[in-house]
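*Asks:* Sequence plus the predicted model coming up.
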Amino acid sequence: MFENNFDITLNGKEITDIPEDLFIPPDALRVILEQFEGPLDLLLYLIKKQNIDIIDIPILPITTQYVNYINMMQQMQFELASDYLVMAATLAEIKSKMLVPNDIEDEEEEDPRANLIKRLMEYQKYKDLSEKLDVIPRRNRDTFVISGIMTNFNKTDNLPKLKLDQLEAAFQDVLKRAEIYASHTIESETLSVRERMSSILININKNGTIKFTECFTYSEGRMGAIVTFLAILEMVKESLIDIIQNEDFSIIYLQTKTS
Amino acid sequence: MNKQHSLQKIIEGALMVSHEPLTLQEIANLFDDNKPSKNEIKQIVDKLNESYKDNAFEIVLVASGYRLQVRPGYDQWLSKLNKQSSTRYSKAFLETLVIIAYKQPVTRGDIEDIRGVSVNPQIIRNMIEFEWIKVVGHKESPGKPELLATTKKFLDYFNLKSLSDLPPPSELNTE
Amino acid sequence: MNKQHSLQKIIEGALMVSHEPLTLQEIANLFDDNKPSKNEIKQIVDKLNESYKDNAFEIVLVASGYRLQVRPGYDQWLSKLNKQSSTRYSKAFLETLVIIAYKQPVTRGDIEDIRGVSVNPQIIRNMIEFEWIKVVGHKESPGKPELLATTKKFLDYFNLKSLSDLPPPSELNTE
């Protein structure tokens, strides 16, 4: 599917000169580019596209094509890994070596492409292997392991001991890594909101639908009511539950979210 | 293989691999077309159980459905299995646990977002098996991911009265 | 119930409840006295497998031992159970994994050389957390980079007994 008339505008500029040997419309290109695993993958794609043997890659056209792709990527402000640029430089170097007549040297000099060809073949090998690995039977996709239940068997007795401070330390690690709470700290109140969310969810799950008023316990006082209310609001916000009221001033129900 | 035969094997396989007891409805839902009736499934379960009379396991009906379990009387030998090999929990286990405790109810995806790595399903299974966490619902988003929350047993284990007794994160930062 | 009979049932029960594959040694260790020999256990496993010929499951030998699993061909129905987090892996993940599997022990640098792009640290962390790979040492070169290798769990996951069961690389030139 090759179209000659492109009418593409990018960042307000019309793109008119599409490289001739680029047989993919640029809008499709972006999708394709995202699938490349790196410069070697892209090169292998270009080589395959032209039905060329890796052993004998015509460095000139391939380099031109590769550079064209890179330029396209940059024009499209595609986030380009530096590895792609390094490869462009490598290709340019090989190209220039190929252009310089090597009659100065007496002994036969190594083909400047040799190293690149070796790398491409090596990468191709693992690419093929990864496709093979992907199809061999694996757990939970092709085979399912049986793990029955034992009754009258208290597994908890066998648990290694865990102290609260270990939990604290683990949480600290999580915080450090994710810095999710960097800007705002969770106060104990929020915590009990989350706890209340869990308990209301359990209740809804058990009973299907519950009355709004059933979520509140008078003995908990004003604070408890606020926590419950916040929990309900949060669950609505997180699309965990639906609030239903059939008519004004009628009973409000909470139920599991339906799509 | 006749229809009955393969139906029986599929149901057997399902009961074997499911982590949770399966209701008749859930078993019927495994089939896209030619859904067996609940009565049909019941009969197959009975047939399976009969065929297991010389086996160490059986299908039992518990509150939330049918489940395959080892017959009573084997704990003398089998209690040696599934012990945590080490006496310590992995970092992944602890971090996953605290995220569930502090951010509950959470989905695996939420945990993955925070930790930056995929959640090892075995870890979640272990926690559910210890009854430290449980599935409290499903989030209304693609794939209907399970919402996980901690249980009373978790609090009991750490001698906490409620989740608000957990060390507040703000204190942790200043430590 | 004769001795042989109950031995067989205990082994069946053990394979059924164990979360991990069991080695012959681990099976023998279930018994305090009258430990069966490894040969005896092997025979019992064979006998069990024969008795399962009409069932949906079988005992298979993977890298870390014997495990009970549903025969292949049931994924159409059973994949609906247990809502496993995605069993699809990215190209980058698979490529990194095969390089570690086939070239082990390797450093991240080795992987980068082959793939031509830097290794996503998250992918490595993920694999370590799944216990599919581990650090087996450090290379005696600047920065003492970690040497990565696959584990038995990796083989177990792909139903392989040993690394030599991995698909052989095809000869590029002859293709």
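*Replies:* Received it, and whenever you're ready, just let me know what you need.
*Asks:* Which secondary structure state does the residue positioned nearest the centre of chain B sit in?
*Replies:* Closest to where the C-alpha atoms of chain B average out (Cα atoms, centre = their mean) is residue B:19, at 4.6 Å. For residue B:19, the assignment made with DSSP: H, G, I helix; E, B strand; the rest coil gives coil.
*Asks:* any idea how far it lies from chain C?
*Replies:* With distances taken as Cβ to the nearest Cβ, to the nearest Å, residue B:19 is found 5 Å from chain C. C-beta coordinates here come from the backbone N, C-alpha and C atoms, glycine included.
*Asks:* for residue B:134, same thing?
*Replies:* Residue B:134 is 15 Å from chain C, where distance means Cβ to the nearest Cβ.
*Asks:* what's the burial count for that residue?
*Replies:* Neighbours of residue B:134 under the rule other Cβ atoms under 10 Å in any protein chain shown: 17.
*Asks:* how is chain A carved up into domains?
*Replies:* With domains defined by automatic domain parsing, chain A comprises A:8-20+A:27-99+A:111-135, A:193-256.
*Asks:* Just tell me which of those domains ends up closest to residue C:147.
*Replies:* Residue C:147 sits nearest to domain A:8-20+A:27-99+A:111-135 of all these, at 17.9 Å, using Cβ to Cβ.
*Asks:* Next, the distance between the ends of stretch A:238-252.
*Replies:* 19 Å (Cα to Cα, to the nearest Å).
*Asks:* contacts for that stretch?
*Replies:* By Cβ atoms under 8 Å, 6 or more residues apart in numbering or on different chains, the residues outside stretch A:238-252 that reach it are A:197, A:200-201, A:204, A:209, A:211-213, A:232, A:235-236, A:253-258, B:105, B:137, B:139-141, B:147.
*Asks:* Among those, name the ones in helices.
*Replies:* Under the assignment DSSP state H, these contribute A:197, A:200, A:201, A:204, A:232, A:235, A:236 to helices.
*Asks:* separation between the second one and chain B?
*Replies:* Using Cβ to the nearest Cβ, one gets 9 Å for the distance from residue A:200 to chain B.
*Asks:* which residue packs closest to that residue, ignoring adjacent ones?
*Replies:* residue A:215 (5.6 Å; Cβ to Cβ, 6 or more residues apart in numbering or on different chains).
*Asks:* Do a quick rundown of the helices in chain B.
*Replies:* Applying DSSP H to chain B gives helices spanning B:3-17, B:24-28, B:38-51, B:75-78, B:91-103, B:108-115, B:121-130, B:152-157, B:169-174.
*Asks:* who wins for proximity to residue A:128 among those helices?
*Replies:* helix B:121-130 (29.2 Å).
*Asks:* which of the helices of chain B sits most buried?
*Replies:* Of all these, helix B:91-103 has the most neighbours on average by mean count of other Cβ atoms under 10 Å in any protein chain shown, namely a mean of 23.
*Asks:* got the angle between it and helix B:108-115?
*Replies:* Interaxial angle of helix B:91-103 relative to helix B:108-115 (axes from the mean of the first three to the mean of the last three Cα atoms, to 10 degrees): 110 degrees.
*Asks:* quick one: contacts of helix B:91-103?
*Replies:* Contacts with helix B:91-103, where a contact means Cβ under 8 Å, 6+ apart, come from A:162, A:166-167, A:169-171, A:173-174, A:186, A:191, A:194, B:106, B:110-111, B:114-115, B:117, B:119-120, B:123-124, B:126-127, B:132-133, B:148-150, B:154, B:163, B:166, B:169, C:129.
*Asks:* Report the mean confidence score over it.
*Replies:* Per-residue pLDDT over helix B:91-103 has a mean of 87.
*Asks:* surely residue A:46 meets residue A:64?
*Replies:* No: counting by Cβ atoms under 8 Å, residue A:46 does not reach residue A:64; the two are 10.1 Å apart.
*Asks:* mind giving me TSV with the domains of chain A and columns for mean neighbour count and mean pLDDT?
*Replies:* What follows is the domains of chain A, written out as TSV (neighbours: other Cβ atoms under 10 Å in any protein chain shown; pLDDT from 0 to 100):
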stretch	mean neighbour count	mean pLDDT
domain A:8-20+A:27-99+A:111-135	16	80
domain A:193-256	15	80
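*Asks:* residues touching residue A:196, list them.
*Replies:* Residues counted as contacts of residue A:196 (Cβ under 8 Å, 6+ apart) are A:227, A:228, A:230, A:231.
*Asks:* Let me fix that, I meant to ask about residue A:216.
*Replies:* A:224, A:225, A:228.
*Asks:* Take those and keep only those in helices.
*Replies:* Counting by DSSP H, the contacts of residue A:216 contribute A:224, A:225, A:228 to helices.
*Asks:* can you redo those as JSON lines with distance to residue A:40?
*Replies:* As requested, those are arranged in JSON lines below (distance: Cβ to Cβ, whole Å):
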{"residue": "A:224", "distance to residue A:40": "62"}
{"residue": "A:225", "distance to residue A:40": "62"}
{"residue": "A:228", "distance to residue A:40": "58"}
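*Asks:* hmm, who's touching stretch B:131-140?
*Replies:* A:156, A:198, A:201-202, A:204-205, A:238-240, A:256-259, B:97, B:100, B:104-105, B:107, B:124, B:127-128, B:144-151, B:153-154, B:157.
*Asks:* With stretch A:48-63 instead?
*Replies:* The contact list for stretch A:48-63, computed with Cβ under 8 Å, 6+ apart, reads A:21, A:23, A:43-44, A:46-47, A:91-92, A:94-95, A:98, A:112-113, A:116-117, A:120-121, A:124, C:172-173.
*Asks:* related to what we said a few turns ago, and the domains of chain A as JSON lines, adding distance to residue B:36?
*Replies:* Below are the domains of chain A laid out as JSON lines (distance: least, Cβ to Cβ, whole Å):
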{"stretch": "domain A:8-20+A:27-99+A:111-135", "distance to residue B:36": "32"}
{"stretch": "domain A:193-256", "distance to residue B:36": "26"}
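*Asks:* how many other residues sit next to residue B:90?
*Replies:* 14.
*Asks:* For it, which non-adjacent residue is spatially closest?
*Replies:* For residue B:90, the spatially nearest residue (Cβ to Cβ, 6+ apart) is residue B:123, at 7.7 Å.
*Asks:* residues touching the one you found, list them.
*Replies:* By Cβ under 8 Å, 6+ apart, the contact list for residue B:123 reads B:90, B:92, B:93, B:96.
*Asks:* how much space between it and residue A:74?
*Replies:* Look at residue B:123 and residue A:74: by Cβ to Cβ, to the nearest Å, they are 43 Å apart.
*Asks:* Could you do residue A:86 as well?
*Replies:* Distance, residue A:86 to residue A:74, using Cβ to Cβ: 15 Å.
*Asks:* what do you get for residue B:73?
*Replies:* Counting by Cβ to Cβ, the gap from residue B:73 to residue A:74 is 71 Å.
*Asks:* now do residue A:170
*Replies:* Separation of residue A:170 from residue A:74 (Cβ to Cβ) stands at 43 Å.
*Asks:* I'd like the distance between the residue of chain A found nearest chain C and residue B:116.
*Replies:* Going by Cβ to the nearest Cβ, chain C is nearest to residue A:38 of chain A, at 3.3 Å. Separation of residue A:38 from residue B:116 (Cβ to Cβ): 22 Å.
*Asks:* same check, this time on residue B:31
*Replies:* Distance, residue B:31 to residue B:116, using Cβ to Cβ: 39 Å.
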